Structure formats: C-alpha cells, structure tokens
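Peer 1: okay, here's the prediction I keep looking at, along with the sequence it came from:
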Amino acid sequence: METLLAHLLTVLILLPVLGSLVIAYLPGTRPRLIWRAALVVSMAELLVSLALIQFQPVGGAASLQLTERCDWIPAWGIQYLVGVDGFSIYLILLTTLLTPIVLLASQRSIRSHIKAFTICFLVLETGIVGSLSSLDLFLFYLFWEIMLLPMFLIIGVWGGPSRIYAAVKFILYTMIGSLLMLVAILYLAHRHWTLSQPQVWTFNVLELYNTPLEPTEQLWLFAAFALAFAIKVPLFPFHTWLPDAHTEAPTGGSVILAAVLLKLGGYGFLRFALPLFPAAAAAFAPLLMLLGVTGILYGALVSWKQEDMKRLVAFSSVSHLGFAMLGIASATVAGIQGAMFVMLAHGLSTGGLFLLVGMLYERRHTRMMEDYGGLMAVVPNMSWVLRLLTFASVGLPGLCGFVGEFLVLLGASQNEGWGRPAAVVAAFGMIVSALYMLHMFGRVMHGEVVHQENRTLADMDLYEFGYLSPVLILVFVLGLFPGWILPRVGTAAERVVECVGTARRYRLEAMDSHGNFVYSMPVRLYESVPDLRQGGER
C-alpha cells in the first residue's frame, strides 16, 4: 500500500494504457469479454483515484502534492515530473468517474470495432490524467498530443455521417494551437538556458515560472499558449470545430469531449499561461473577459435557434465555458474558484444531457426536437432526469450549476476595470441560457404526442439509471456542499492571483543591467516541490 501511495500518480497515468495493451491481446470475437476487461480497468482507475482526495490541503500556502521526479532526458533537462493541487485533482476525479460511465453507456450503441473503441478510451484517459499531472512542459506537451489521436478516431470511426469532416476539423484546429504552443515552450526553455548560470536546459515549469522575460517576449509567448488553450476551451471565436465534433461523435465521445477535454483549456490557462506570463496575462485580461462574455451570449443565442438537441447542448458548452473564461480572466480568488466549479458542474450536467440525448436517439434514431413532444406521459422517469439536468445546467440554486456562476459573477465584479460591466452582461447571458434549456425541455417533454412512434418509447431501465445515477447524485452534492471543493481550489488560486495582481501593480517596471525592461515573477508560486510523506522530494 505504501508503494502504491508513493507512486499514486504514476499508477493513475499508466494503468489505463497498460490495460489497453491487455485488451489488445483479447480475441475480437468475444466482445463481452472486451467490455468487461475495459470496465475492470476503468473501475480500478476510479478506485485508485479516490485516494487523491486525502492528500489535498485545505489551508495554508498553495503546494503541490504527491510529486514524483525522475530524470528522463538529462541532457535536455527533460524530467518525469508530476504532481497535483486543487486545479488538477477534481478534473482527474471527473475523468476517472466518467470513463466507466461512458463505457457502460456505449455497450448498447457501439457494435463494430469494439476492441479499438475501448482501447481508444483507455489511451485517452491516460493522456488526460497525464496532462493534468505534468509539471514538466515537455511531458505536458507529450500527453497533450496523446489525447488527439484517440479522440480523432472516436469521432472519425464511430461518428455520424459527416464524421470524417468533423474529425479532420477537430485535429486541424487543435494541431495549429499545439504547434504554436510547442514553439513557445522551446523558446521559453532556451530563454531560461541563456539566463541560467551555469547554463542548463530545463522544462520544469516550477523553475520556468521565475524566468525573467522582456515585455514583448511575455506578450508573444502568452499569445501562443493562450491560443492553444482558447481553441481547446473553446473560447469564441475559436469554437467552430466544437458543434461539428459533438454532433458527429458517438454519445461516449461527446460526453468525454464536453465533460473533460474542453476543461484542459481552462486548466492550461491556470497552470501555465497565467503564472508563466503574469504581466502579459494582466494586459490581455480585458480581451479575455470580452471574448468570455461574447461566448456566453453567442452560445446562448445560437443554442436557442437549434433544432438538433445534440447541437443545442454543444453550443451551450460555448456559453457555459465562457463563464469559466470570465472567471479565469478576472484573476480573483472567487473568480478562479467559480471557473473551476463551472467546469466541474458543466462536466456533470452536460455529460448527463449528452447521455440522455443518446438514449432518445437509440430509441427514435432522431435528435430533432420537432420529432418529439409529449414524452412526459410516455417516459416519466427520463422526463424527471432531464428536468433535473436542465435545472442544473441553468444554475438553479441547490444544484451544481449555481455556485460556480455566482462565484464567477462575484469575482468579475471584484476585478478593477472591465470586470463589473462584464459581470452585468454575463448575468444577462444566464437568463438567455435558462430560456433555451427550458425551451428544449418543453418541446421534447410537454404538449401532445403527435408522432405515433413516440407512444411506444421505452422508459429508462435500471441499467441506464444505474450508470447515470453517480452523475445525478453529484449534481446535488456539489450544489449543496460546495465547501468540499472550494477551499482546496482556493489554495491553488491564491498564488496565481497574487502573482498576476503583483504584475498588474508593478507591470513591466523592472530594468536589467543593460537598460532593457524585463519582468520576473514577483512571488514564487512554489518554494519547492513538496511531498507529504517524510523524506522530501523523490
């Protein structure tokens, strides 16, 4: 047990990909065995991940937990360096929770290439957990790229009629941002090499946080990182790949894409873009807030006009994650706490909505709202579940969606400058969001049963309710007990807020010996890479 705890993150990273290797050797003629093996691996990953919770600090200075360090390519300063804090732990838990749920939900809809399908999801899980754990920029980029191929295949092989177009569009958008981020990573590492005495290469983000940079360098490097993360969020106007990807992806792919993959963009801003380039982050904050509130309104208004339920939920993600971007750009503790909570709540509510849309599609083979109506009398259990997830999505108090949006508005209003006007516009966007979600629920569930095919629809069975029940429970738990999460996120947010706030106050005022303006991190985010067990760093 001690060995497991000492290398907990490594186990979480390697377990899914090792499980996928085992599945690769199973006979393809035994699909039930393949599904069961994938479920065993994903459930083991979930159980191991639950051990992360006990290591999270509730108060005190922000610190990384469960750190592991090992030289990988010493000549280039590349390390296997991983750790977690309040920014990453809950996204890891969300990933490990939804992966077995998606596998259970997919058993009834995926009929071809089952072995490849399960392998793709397990490799994708490794890429996500690795990205959320990496503290070495080279390692982070490696896991970031690992996520692309499985998602590309999930959309392109098991998707809808336009799956190839959607898959290619997804990977092209993501690769453009990734290549710019790679150039920025290499430049930053080279800059550190030129300034260090003796000259050494490193991709350790904890050391790169304190690399002095000229103002122009900060602006360009921040722009490169921000573009990669903005595409992933997706932040308006870099969102156009998302509706096609969601519409064509199978249900399981849509759930993981919306609930987890999009959150990597917001996480990237918090872990890398803001603390690495705080002065540039302060300078770009008004633009990011503007794009955030534009996304809130645009996503809500476009969702209102959609007839395809899956496309409606896809555009709603643009609106919801606009709130997350507004909270991050506010650079306040409340705003960042709200952004993280919005991302978690969105993962639960939107993931659940995609699962429900998938259930309806399996029964009627259509996602158009005009083909439904009056289903409350036909499928009452499904109606109640859809009502709950709709209320969670619109931010009903007591459910998971309310806390994050409230904190984002609070944090934005605390931001000097454009924060308060942005909060007012975002509040209006909440009203529009409620309108389009209730509009969808009303058209699908209320009214008369017009189409005779709908009279014989089967309601949710125990199997479907069983795999959806953890999501429904957490919708209530997060809404009623946000204090279980917010303090842990707050400890990670405080130092980011401090360094960006200091950059805002003293922006670009330091001068080096050559008379050039430079900006170095005013506070150290982490004094060391701590380990909870006695014995210090590994």
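Peer 2: Structure received. Numbering: from 1, shown residues only.
Peer 1: how about the contacts made by the residue nearest the centre of the chain?
Peer 2: Nearest residue to the geometric centre of the chain (C-alpha atoms, centre = their mean): K263, 1.4 Å. Shown in contact with K263 (C-beta atoms under 8 Å, 6 or more residues apart in numbering): 91, 94, 343, 347. For glycine as for every other residue, the C-beta is placed from the backbone atoms N, C-alpha and C.
Peer 1: tell me the one of those nearest L39?
Peer 2: Using C-beta to C-beta, L94 is the member of these that lies nearest L39, at 18.1 Å.
Peer 1: how close does the residue lying closest to that closest one once chain neighbours are set aside sit to R455?
Peer 2: Ranked by C-beta to C-beta, 6 or more residues apart in numbering and with sequence neighbours excluded, the top spatial neighbour of L94 is G347, at 5.0 Å. Shown here: G347 relative to R455, a distance of 34 Å by C-beta to C-beta, to the nearest Å.
Peer 1: could you do M368 as well?
Peer 2: Counting by C-beta to C-beta, the gap from M368 to R455 is 18 Å.
Peer 1: per-residue pLDDT, the residue nearest to L94?
Peer 2: With respect to pLDDT, G347 scores 94.
Peer 1: repeat that for R30.
Peer 2: pLDDT recorded at R30 is 89.
Peer 1: next: F55.
Peer 2: 65.
Peer 1: again, but for A503
Peer 2: Confidence score, pLDDT, at A503: 61.
Peer 1: ok, Y519 next?
Peer 2: 47.
Peer 1: how about A62?
Peer 2: So, for A62, pLDDT stands at 48.
Peer 1: before we move on, what about the one 5 residues further on?
Peer 2: T67 is assigned a predicted lDDT (pLDDT) of 84.
Peer 1: please report the distance of it from G401.
Peer 2: Counting by C-beta to C-beta, the gap from T67 to G401 is 33 Å.
Peer 1: which of the two has more neighbours?
Peer 2: G401 (31 against 23; other C-beta atoms under 10 Å).
Peer 1: and F87, that's in a strand?
Peer 2: No - applying DSSP: H, G, I helix; E, B strand; the rest coil, one finds F87 to be coil, outside a strand.
Peer 1: quick thing: my sequence starts at 32, can you match it?
Peer 2: Taking 32 as the first residue, the last one we looked at is F118.
Peer 1: may I have the phi/psi pair for it?
Peer 2: phi -70, psi -30 (degrees, to the nearest 10).
Peer 1: R519 is in contact with that one, correct?
Peer 2: No - using C-beta atoms under 8 Å, F118 is not in contact with R519, being 9.4 Å away.
Peer 1: quick one, what contacts I84?
Peer 2: Counting by C-beta under 8 Å, 6+ apart, I84 has contacts 120, 124.
Peer 1: name the residue in G378 and R486 with the higher neighbour count.
Peer 2: G378 (27 against 11).
Peer 1: I'd like to know how many residues surround the closest residue to A362 other than its chain neighbours.
Peer 2: Nearest non-adjacent residue to A362, counting by C-beta to C-beta, 6+ apart: V531, 4.3 Å away. By other C-beta under 10 Å, 26 other residues sit near V531.
Peer 1: so which helix or strand takes in V531?
Peer 2: helix 517-536 (DSSP states H and E).
Peer 1: where along the stretch 132-281 of the chain do the strands fall?
Peer 2: Applying DSSP state E, counting those that start in this stretch to the stretch 132-281 of the chain gives no strands.
Peer 1: re earlier: name all residues that make contact with the residue nearest to A362.
Peer 2: 305-306, 309, 312-313, 362.
Peer 1: from those residues, pick the one nearest L493.
Peer 2: Nearest to L493 among these, with distances taken as C-beta to C-beta, is L305, at 45.5 Å.
Peer 1: need the residues that contact the helix or strand hosting that closest one.
Peer 2: Using DSSP H and E, L305 falls within helix 305-307. Around helix 305-307, the neighbours that count as contacts under C-beta under 8 Å, 6+ apart are 219, 236, 239-240, 252-253, 256, 312, 359, 362, 526-527, 530-531, 552, 556.
Peer 1: most neighbours among those residues, which one?
Peer 2: I359 leads these on contacts (other C-beta under 10 Å) with 34 neighbours.
Peer 1: doesn't A370 belong to a helix?
Peer 2: Yes - counting by three-state DSSP, A370 is found in a helix.
Peer 1: V160 versus that one, what's the distance?
Peer 2: A370 is 21 Å from V160, by C-beta to C-beta.
Peer 1: before we move on, what about H482?
Peer 2: 44 Å.
Peer 1: in terms of neighbours, single out the busier of the two.
Peer 2: The residue with more neighbours, out of H482 and V160, is V160; 29 against 14, by other C-beta under 10 Å.
Peer 1: residues in contact with the more buried one?
Peer 2: 40, 43-44, 47, 123, 126-127.
Peer 1: try 10 Å this time
Peer 2: Contact analysis of V160 by C-beta atoms under 10 Å, 6 or more residues apart in numbering lists 40, 43-48, 76, 80, 113, 115, 119, 122-123, 126-127, 130, 174, 291.
Peer 1: from the residues you listed, list just the buried residues.
Peer 2: Among the contacts of V160, the ones that count as buried by 16 or more other C-beta atoms under 10 Å are 40, 43-44, 46-48, 76, 80, 113, 115, 119, 122-123, 126-127, 130, 174, 291.
Peer 1: sort out for me which of those are in strands.
Peer 2: 113, 115 (DSSP state E).
Peer 1: now, the buried ones among the contacts of V160 that are in helices?
Peer 2: 40, 43-44, 46-48, 76, 80, 122-123, 126-127, 130, 174 (DSSP state H).
Peer 1: TSV please, covering these and showing distance to K341 and pLDDT.
Peer 2: Below are these laid out as TSV (distance: C-beta to C-beta, whole Å; pLDDT from 0 to 100):
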residue	distance to K341	pLDDT
L40	34	92
L43	31	95
I44	31	95
L46	31	95
P47	27	96
V48	30	95
E76	27	95
S80	29	92
L122	24	94
I123	27	95
T126	22	96
T127	25	96
T130	21	95
F174	28	96
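Peer 1: and the furthest pair within those residues?
Peer 2: So, these by C-beta to C-beta: farthest apart are V48 and L122, at 18.6 Å.
Peer 1: how is the chain carved up into domains?
Peer 2: 32-86+98-307, 308-546 (automatic domain parsing).
Peer 1: max-length strand in the protein?
Peer 2: Determined from DSSP E, the single longest strand within the chain is strand 96-104.
Peer 1: so where's the stretch 432-569 of the chain uncertain?
Peer 2: 532-569 (pLDDT under 70).
Peer 1: can you give me the helices for it?
Peer 2: For the stretch 432-569 of the chain, the helices defined by DSSP state H, counting those that start in this stretch occupy 450-476, 493-511, 517-536.
Peer 1: how far away from the center of its chain is the shortest one?
Peer 2: I take that to be helix 493-511. Centre-to-centre, helix 493-511 and its host chain are 19 Å apart (C-alpha atoms, centre = their mean, to the nearest Å).
Peer 1: having no further points to raise, I will conclude here.
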